[in-house]
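J.: Next one to model:
(one chain, ligands or ions: 1)
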Amino acid sequence: MTTPAANPRRLRIGIGGIGIESSTFCPHRSTADDFRQTRGRELLDRYTWTRPESDLSREVEWVPLLHATSLPGGPVEAESYLILKDELVTRIREAGPLDGLVYDIHGAMSVIGLTDAEADLTEAVRAALDAVGTPDGGRPMMSAAMDLHGNVSRRFAEPVDLLTAHRLAPHEDAWETRERAARNLVRCLREGTRPHRAWVQVPVLLPGEKTSTRLEPAKSLYASLAEIEKLPGILDAAMWVGYAWADEPRCKAAIVVTGDDAELAAAEAEKLARRYWDARRDFVFVGPTGDAEECIEKAVASDKRPFLISDSGDNPTAGGAGDLAYMLGKLLENDAIRSGEVTAVHPGITDPVAVARCFEAGVGAEVTLSVGGKVDANHGGPRELTGTVVALQRAADQKDRAEGGAYDRGVDMAAVRTGGVTVILVERRKPFHTLADFTGPADGGLGIDPRTFDLVVVKIGYLEPELYHMAADWLLALTPGGVDQDLLRLGHHRVERPLYPFDDDAYEAGDGPALTATRLGTLDG
Ligand SMILES: [Zn+2]
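T.: Got it, this is the predicted structure:
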């Protein structure tokens, strides 16, 4: 292991990365325009630890490169990816010597025509870093901050000195993860150490909705990372669930333990991998599930209000098209809802043409629209909807938001009511995760309060905190779409087999997969 002398001078550390979670089962295409791109001071302002008053900033000169983050979606178009990649690499090459890079990415980017997009990007970033070198003529260190729904292939992990990931799902620790990546990097640079890395994949692929850390076994598995990290000789322990809606060999769970003690790192990685494997059948959906009709029937019959239902197959924040009218159709087929005896609000069907029609018609007008089903036409296509425009909101009246780092910009929205259903149409894909997404700003906006409806039917998987607290009861509807929770009906054919749950009984006879950690060693400076 290389142990260059501890470094007393001010460090120069770059920050950059490209982050998106993109489903190869979704017909939507993500482009450069979907990414919130930050550079310069705006990039540094994403974080607290880059502020001038932060303790880290006293010893580090932060060098903002390019950061690009998008709402999840379909695969990124090749040309858009190349534009972003080239800019990041060029900015590294033009930055001058760097001691290190905080590599702020997601880990589940799919790019049209590429397999393992993160490995492709990382190899290019590593080559650019090696070309500029450190101010002392050494090899810059890379510290990746990732989402636990990312994938970690060996090819991706190899050029990265430090890898860490969120430990909570929902990702309430998203910013903490990035800070840990930065602090671990500064610590290694200060101490002049390069960590050993033990990497192991676990042949298990699960949807996020079965691996929430609010529930066992994910809760204990993820809690144990902090314990492993406390062991002498260990710097960080990270575990990835992987991304279930991409069809690539790298899609599976992975573990990386980093530290000075190569033996211990490998032993802990293997123990954790075995625990994950042994628990594979204990991962269950975060809530009671059913198909769309079952969930609607139960919610209508319940006296719990508001009753939330997740339209999980078309969740834009997992990579769904967000334009399916499948659930809207099911709501309108229910007599109690159609008659208005039971009310429901159903936000977030993407349809720019329908939204424009509503703006032309104005509040109070009756409209007949062909709603949704245009981007993802696989599950019933557009739905005809006749109703009254009850509210309109312009994009300009909303604040752009970077929730956990993802890009969520203002969009034109229209609410249309028919019978008991109020459907909120959006001009472009938009998550509804907070109360403010429905109401708009205090001085205007849609003004729709989901708490006044009997049913709230959201394109989401597990509930984000504000919805979670609002819900008197909740069902996870296993609806079709680009992020279908029922993985077996999606048709993966490029994932490495055997893989749980696709080959449930593959290891019945023996002791299970080997789960031997690969010692990636240290990246010599
Ligand atoms: Zn995630």
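J.: CA atoms for contacts and neighbours, from now on please.
T.: Will do.
J.: So which residues of the stretch 151-300 of the chain form strands?
T.: 162-165, 196-202, 236-240, 253-259, 289-290 (DSSP state E, counting those that start in this stretch).
J.: In a markdown table, list the ones you listed along with mean pLDDT and distance to residue 394.
T.: Below are the strands of the stretch 151-300 of the chain laid out as a markdown table (pLDDT from 0 to 100; distance: least, CA to CA, whole Å):
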| stretch | mean pLDDT | distance to residue 394 |
| --- | --- | --- |
| strand 162-165 | 98 | 36 |
| strand 196-202 | 98 | 46 |
| strand 236-240 | 98 | 38 |
| strand 253-259 | 98 | 41 |
| strand 289-290 | 97 | 35 |
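J.: Can you report how many residues lie near the closest residue to residue 265 other than its chain neighbours?
T.: Distances taken as CA to CA, 6 or more residues apart in numbering put residue 257 closest to residue 265, at 5.3 Å, once the chain neighbours are dropped. As a burial measure, residue 257 scores 33 neighbours (other CA atoms under 10 Å).
J.: Touching, residue 257 and residue 268? I think so.
T.: Yes: counting by CA atoms under 8 Å, residue 257 does reach residue 268; the two are 7.2 Å apart.
J.: I'd like to know which of the strands of the stretch 151-300 of the chain is closest to residue 348.
T.: strand 289-290 (21.0 Å; CA to CA).
J.: Let me know the pLDDT of residue 512.
T.: At residue 512 the predicted local distance difference test score is 88.
J.: tally of neighbours for residue 360?
T.: Around residue 360 there are 10 residues (other CA under 10 Å).
J.: Okay, now the unreliable bits of the protein?
T.: Scanning the chain for pLDDT under 70 picks out 1-7, 399-408, 442-444, 525.
J.: Can you give me the domain boundaries for it?
T.: Domain assignment for the chain by automatic domain parsing gives 11-284+515-521, 289-484.
J.: Residue 497 is nearest to which of the ones you listed?
T.: So among the domains of the chain, domain 11-284+515-521 is nearest, using CA to CA, at 7.9 Å.
J.: ok, residue 495 - contacts?
T.: 247-251 (CA atoms under 8 Å, 6 or more residues apart in numbering).
J.: make it 7 Å
T.: 247-249, 251 (CA atoms under 7 Å, 6 or more residues apart in numbering).
J.: Closest to residue 395 out of the residues you listed?
T.: When these are compared against residue 395 (criterion: CA to CA), the nearest one is residue 247, at 34.5 Å.
J.: Could you tell me whether residue 14 really is in a helix?
T.: No: assigned with DSSP: H, G, I helix; E, B strand; the rest coil, residue 14 falls outside any helix and is strand.
J.: roughly how far apart are it and residue 160?
T.: In this view, residue 14 and residue 160 are 14 Å apart by CA to CA, to the nearest Å.
J.: Which one's more surrounded, these two?
T.: Neighbour count, other CA under 10 Å: between residue 14 and residue 160, residue 14 has more, with 25 against 22.
J.: what are the bridge partners for the more buried one, then?
T.: Counting by DSSP bridges, residue 14 forms beta bridges with residue 63, residue 101.
J.: Could you check how many residues crowd around residue 196?
T.: Neighbours of residue 196 (other CA under 10 Å): 27.
J.: which residues touch it?
T.: Residue 196 touches 258-262, 520-522, counting by CA under 7 Å, 6+ apart.
J.: go on, residue 146?
T.: With CA under 7 Å, 6+ apart, residue 146 has these contacts: 104-107, 164-166.
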